[in-house]
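Trainee: model this:
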Amino acid sequence: MNKIIIHRNKKNPIIQNDLEDRIVYRPKIGFSFLDLYRTSEMKNLDVVENEIIFRIVNFLPKTKKRLFHKTNSIDFAYVLEGQIELILEQQEIILKKGDSVIQEANNHAWINHEEYSCKVLFVLTSLNRYSGIPNVSEIGMC
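Mentor: Numbering: from 1, shown residues only. Alright, predicted model coming up:
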């Protein structure tokens with residue numbers, strides 16, 4: 001993967017040409033992800049306090065596991081390729097290429113029932129970065 005990512009490290013810009021070493025594979029759970037940018041040096045899956053993550057997730061085909069999780073973040077998701085099911089506590093939503101969803105700290109899971117991978121672009125931002133914003137979980141699917 002030859003993408004050029006430019007970001008600041010202290011006061012000096014850094015140009016990074018090859019991102020292959022930054023891909024995290026989780027085949028037992030059914031996905032891999034690449035953090036294109038994050039404001040901390042953490043390597044964990046979840047957003048930490050005051051952090052923003054720009055991430056692409058590749059959901060593997062025919063996922064059977066439902067990994068329910070709740071993050072302390074506002075998640076902006078845009079489906080780049082394929083189709084994915086977003087499972088919430090009270091409903092299930094099918095998202096296709098071009099669909100987007102915004103959710104705030106919901107208990108949820110992602111399932112790819114299709115024969116091909118699904119790629120989703122995420123911007124994750126920790127809830128404590130903002131105060132006085134509207135409850136985006138009321139906005140729902142865009």
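
Trainee: what is the closest residue to Val47 other than its chain neighbours paired to in the beta sheet?
Mentor: The shortest distance from Val47 to any non-neighbouring residue, by C-beta to C-beta, 6 or more residues apart in numbering, is to Ser73 (4.2 Å). C-betas here are computed from N, CA, C, even on glycine. Beta bridges link Ser73 to Ser126, judged by DSSP bridges.

Trainee: residues contacting whichever strand or helix holds Leu124, please?
Mentor: Assigned by DSSP states H and E, Leu124 falls within strand 118-126. Where contact means C-beta atoms under 8 Å, 6 or more residues apart in numbering, the residues beyond strand 118-126 that reach it are 47-59, 71-84, 95, 110, 112.

Trainee: of those, just the buried ones, ChimeraX syntax please.
Mentor: Of those, the buried ones can be selected in ChimeraX as follows, counting by 16 or more other C-beta atoms under 10 Å:
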select :47,51,52,53,54,55,56,57,58,59,71,73,74,75,76,77,78,79,82,83,84,95,110,112
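
Trainee: tell me how far the ends of stretch 60-70 are from each other?
Mentor: End-to-end distance of stretch 60-70 (C-alpha to C-alpha, to the nearest Å): 21 Å.

Trainee: repeat for stretch 107-123
Mentor: End-to-end distance of stretch 107-123 (C-alpha to C-alpha): 17 Å.

Trainee: just stretch 30-45 next, same as before
Mentor: The stretch stretch 30-45 measures 14 Å between its terminal residues, going by C-alpha to C-alpha.

Trainee: got the contact list for Pro61?
Mentor: Residues counted as contacts of Pro61 (C-beta under 8 Å, 6+ apart) are 112, 114-117.

Trainee: now the angle from the helix or strand where Asp35 lies to strand 118-126?
Mentor: When secondary structure is defined using DSSP H and E, the element that contains Asp35 is strand 31-38. On the basis of axes from the mean of the first three to the mean of the last three C-alpha atoms, to 10 degrees, strand 31-38 is oriented at 40 degrees to strand 118-126.

Trainee: okay, strand 31-38 in PDB with CA atoms only?
Mentor: Extracted C-alpha coordinates of strand 31-38, given in PDB (Å, rounded to 0.1, in the frame of the first residue of the first chain):
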ATOM      1  CA  PHE A  31     -11.500  -7.900  10.500                       C
ATOM      2  CA  SER A  32      -8.200  -6.000   9.900                       C
ATOM      3  CA  PHE A  33      -7.700  -2.300  10.300                       C
ATOM      4  CA  LEU A  34      -5.300   0.500   9.300                       C
ATOM      5  CA  ASP A  35      -5.100   3.600  11.400                       C
ATOM      6  CA  LEU A  36      -4.200   6.200   8.800                       C
ATOM      7  CA  TYR A  37      -3.900   8.900  11.500                       C
ATOM      8  CA  ARG A  38      -4.400   9.000  15.200                       C
END
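
Trainee: thanks a lot, see you next time.
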